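Trainee: My questions are about this predicted structure, shown below with the sequence.
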Amino acid sequence: MIWQTKEWQNMLQASSQTEAFYEIEGTFVEKRKISLGQYGLFVVWTTQENIPYDALKELCKKESCLFVQVESYSLYPSPLLGGRLGGGQETWKNPPQSPFIKGGSNKEWYKVGHYKKFIPPYTAVIDLSQSQEDILARMKPKGRYNIRLAEKKWVKCERVEKTPENIDTFYELLTQTTTRDGFAGNTENYYANFLALLNSELFFASYEESVIAAGIFVFDTEVSLYYYGASGNHHRNLMAPYLLQWKAISHAKEQWSLYYDFLWVADPSNSSDPLQSVTDFKKKFTSDIRQVSESMIWISSPLKYFFIQLLKKIAR
């Protein structure tokens with residue numbers, strides 16, 4: 001997956017998201033600044049192989065980091081995710097027996113938890129082995145309706161060149177989106193590096209020569225990802241984001257991807273999850289909601305970590 005590639009690490013470095021990265025036994029480790037001049041190590045685990053925990057612990061000490069956080073990501077059945085698809089709730093009920101743990105004393109090893117979550121615990125997925133007709137048939141009626149509405153209104157969706165001008169257009173739409181919906185985005189430099197250094201694509205939805213929605217997608221033969229979306233404040237009645245998603249799903253299928261992953265949906269058991277609104281949008285395309293990620297953390301200085309977490313709560 002994308003998070004365990006050299007290209008991903010280079011993108012984070014170029015965007016000033018990380019201080020450094022290391023490779024241990026084929027595993028990339030990110031060093032990020034957290035708070036009060038402290039650093040943490042972050043690892044995304046994307047295979048069925050055991051992570052080299054002993055080596056991570058030593059690296060944490062060597063780099064004077066406060067903790068090591070390891071996040072899983074898997075769309076497939078595994079012991080880590082309760083051995084089943086579809087959002088099983090059995091993940092890591094008994095961490096000492098988890099296949100995540102390798103060597104060392106279990107008592108001094110990782111506990112369930114995280115400092116900052118980078119990989120979504122839950123996601124919405126489309127199995128691309130289905131025909132396009134079957135994918136459409138399994139959508140909610142409102143999803144199909146909105147796709148057809150955008151087509152009838154002559155909304156045009158296409159993959160565009162990753163030029164500075166097009167990136168400016170995407171960022172302008174994203175600024176409108178973040179202001180309207182009340183969440184934070186990254187810098188324009190980050191998105192420029194994301195598009196330049198990764199196997200990613202930029203799609204535009206246009207109406208009467210004006211770009212009214214845009215998306216950044218990562219296409220891969222295993223899993224294609226919907227990473228970032230943006231829409232303007234005008235012509236929202238044309239439902240351009242729906243047609244944009246359909247074009248990206250179709251493109252992922254053409255690239256022989258096995259799955260299309262929407263990334264980030266609300267916890268199905270939490271009706272007040274702040275992701276509910278975006279989840280409602282994504283669930284119009286698929287009912288396949290899966291629990292795909294958990295996090296574990298080893299803390300080198302529990303007292304210092306507790307103090308930083310306390311300051312985070314006070315600042316909210």
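Mentor: Cool, got the structure.
Trainee: Is it correct that R159 falls within a strand?
Mentor: Yes: residue state for R159 (DSSP: H, G, I helix; E, B strand; the rest coil) corresponds to a strand.
Trainee: check contacts around L149.
Mentor: Neighbouring residues of L149 by CB atoms under 8 Å, 6 or more residues apart in numbering: L238, M239, Y242. For glycine as for every other residue, the C-beta is placed from the backbone atoms N, C-alpha and C.
Trainee: Please apply the same query to W154.
Mentor: Y207.
Trainee: low pLDDT regions in the chain?
Mentor: Applying pLDDT under 70 to the chain flags the ranges 47-49, 76-109.
Trainee: quick one, strands of it?
Mentor: In order along the chain, the chain carries the following strands (DSSP state E): 20-24, 27-33, 39-45, 67-72, 111-112, 122-127, 156-160, 200-207, 210-218, 223-231, 259-261, 289-291, 295-299.
Trainee: I'd like to know which elements the second one is packed against.
Mentor: Think strand 27-33. With contacts defined as 3 or more CB pairs under 8 Å, 6 or more residues apart in numbering; DSSP states H and E, strand 27-33 has these neighbours: helix 6-14, strand 20-24, strand 39-45.
Trainee: cutoff 6 Å now
Mentor: Judged by 3 or more CB pairs under 6 Å, 6 or more residues apart in numbering; DSSP states H and E, the packing partners of strand 27-33 are strand 20-24, strand 39-45.
Trainee: Nearest approach to I216 belongs to which of those strands?
Mentor: Ranking these by their distance to I216 (criterion: CB to CB) puts strand 39-45 first, at 18.6 Å.
Trainee: now the angle from that closest one to strand 20-24?
Mentor: Going by axes from the mean of the first three to the mean of the last three CA atoms, to 10 degrees, strand 39-45 is angled at 50 degrees with respect to strand 20-24.
Trainee: Give me the contact list for strand 39-45.
Mentor: The contact list for strand 39-45 (CB atoms under 6 Å, 6 or more residues apart in numbering) reads 3, 29-34, 51, 60, 65-72, 115.
Trainee: which of the residues you listed count as buried?
Mentor: Burial of the contacts of strand 39-45 was assessed by neighbour count (16 or more other CB atoms under 10 Å); the buried members are 3, 29-32, 34, 51, 60, 65-72, 115.
Trainee: contacting residues for R144?
Mentor: By CB under 6 Å, 6+ apart, the contact list for R144 reads L136.
Trainee: any idea how far it lies from F285?
Mentor: Note on R144: its distance to F285, by CB to CB, to the nearest Å, is 9 Å.
Trainee: Kindly export stretch 278-288 (C-alpha atoms) in PDB.
Mentor: What follows is stretch 278-288 as a C-alpha-only set of coordinates in PDB (Å, rounded to 0.1, in the frame of the first residue of the first chain):
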ATOM      1  CA  VAL A 278     -19.400  12.700   4.900                       C
ATOM      2  CA  THR A 279     -20.400   9.100   5.800                       C
ATOM      3  CA  ASP A 280     -23.900   9.700   4.600                       C
ATOM      4  CA  PHE A 281     -22.500  10.700   1.200                       C
ATOM      5  CA  LYS A 282     -20.200   7.700   0.900                       C
ATOM      6  CA  LYS A 283     -22.900   5.200   2.000                       C
ATOM      7  CA  LYS A 284     -25.000   6.200  -1.000                       C
ATOM      8  CA  PHE A 285     -22.400   4.400  -3.100                       C
ATOM      9  CA  THR A 286     -21.900   1.200  -1.000                       C
ATOM     10  CA  SER A 287     -23.200  -0.500   2.100                       C
ATOM     11  CA  ASP A 288     -20.000  -2.400   2.600                       C
END
